[in-house]
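Undergrad: Using only what follows, build the 3D model:
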Amino acid sequence: MNAGRWPIYVGMAAIVQLLTACSNEPATSNGAVPSAQLQKGAAPIADGKLILAFGDSLYAGYGVAQNESFPYRLEQALRAKGLAAQVHNAGVSGETSLGGMQRLAFTLDGLPRKPDLLLIDLGGNDMLRGLQPEESEKNLRAILDELKRRQIPVLLTGMRAAPNMGAEYGAKFNAIYPRLAKDYDLPLYPFFLDGVIGDAKLMQADSIHPNPAGVNVIVGKITPIVMKSFG
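TA: Numbering: from 1, shown residues only. Alright, predicted model coming up:
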């Protein structure tokens, strides 16, 4: 990805916008967007696959309709390919890796059964807040340790540091996701916004979140990886 095509990260105004605007999603008592709200009309799980999309606003569907969010569109794409699946939206706008770690058990225990696959997208808000990459990695490892303990398969979708965070910070942050994928033997989609960020036709007016067309691009790239996870 060409760093010059990252206008969303230039200047603190965009960062502040992300950290404040992303706190306005409808939420449950623990901050998670209700699954029933986002999955309205979805068929019961029955014998199909239960997939949990656990992350921040990029999963939650900030700024788009419920049937335009990443989890909803992913579910539809999987079903179109013949995989009976329900993708439960556990995205929380503004979520950090620490927040995700703190609500993981609550989220998992609230599901009807253990997920067949968990997609995780956390760390972007850590980076925008300038939190130390070492702390982000520590929190992500705690999440992955718990998922390993529960024997839940994981697909890691990564994030990359904004150019204005500096080369040293970027090098530390960008190394987190490949290292985690290697250490935990996980499939990795290196950058969730790959092919979307910097393209005005695929981004919302805030230049931070993908619009419905951008979500479709992301879903098109990730769907084959999810399908592969089930053989």
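
Undergrad: Quick check: next helix or strand after the helix or strand bottoming out on mean pLDDT in the chain?
TA: Among the helices and strands of the chain, helix 35-38 carries the lowest confidence by mean pLDDT, DSSP states H and E, at a mean of 37. Scanning forward in sequence from helix 35-38 by DSSP states H and E, the next helix or strand is strand 49-55.

Undergrad: tell me the contacts of G158?
TA: Each residue near G158 by Cβ atoms under 8 Å, 6 or more residues apart in numbering is listed here: G123, I176, Y177, P178, L188, Y189, P190, F191, F192. C-beta here means a position set from N, CA and C on the backbone, and glycine is covered the same way.

Undergrad: Switch those residues over to JSON lines; also include secondary structure, neighbour count and pLDDT.
TA: Shown next, in JSON lines, are the contacts of G158 (DSSP: H, G, I helix; E, B strand; the rest coil; neighbours: other Cβ atoms under 10 Å; pLDDT from 0 to 100):
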{"residue": "G123", "secondary structure": "coil", "neighbour count": "29", "pLDDT": "98"}
{"residue": "I176", "secondary structure": "helix", "neighbour count": "24", "pLDDT": "98"}
{"residue": "Y177", "secondary structure": "helix", "neighbour count": "22", "pLDDT": "98"}
{"residue": "P178", "secondary structure": "helix", "neighbour count": "13", "pLDDT": "98"}
{"residue": "L188", "secondary structure": "strand", "neighbour count": "17", "pLDDT": "98"}
{"residue": "Y189", "secondary structure": "strand", "neighbour count": "19", "pLDDT": "98"}
{"residue": "P190", "secondary structure": "coil", "neighbour count": "15", "pLDDT": "97"}
{"residue": "F191", "secondary structure": "coil", "neighbour count": "17", "pLDDT": "97"}
{"residue": "F192", "secondary structure": "coil", "neighbour count": "23", "pLDDT": "97"}
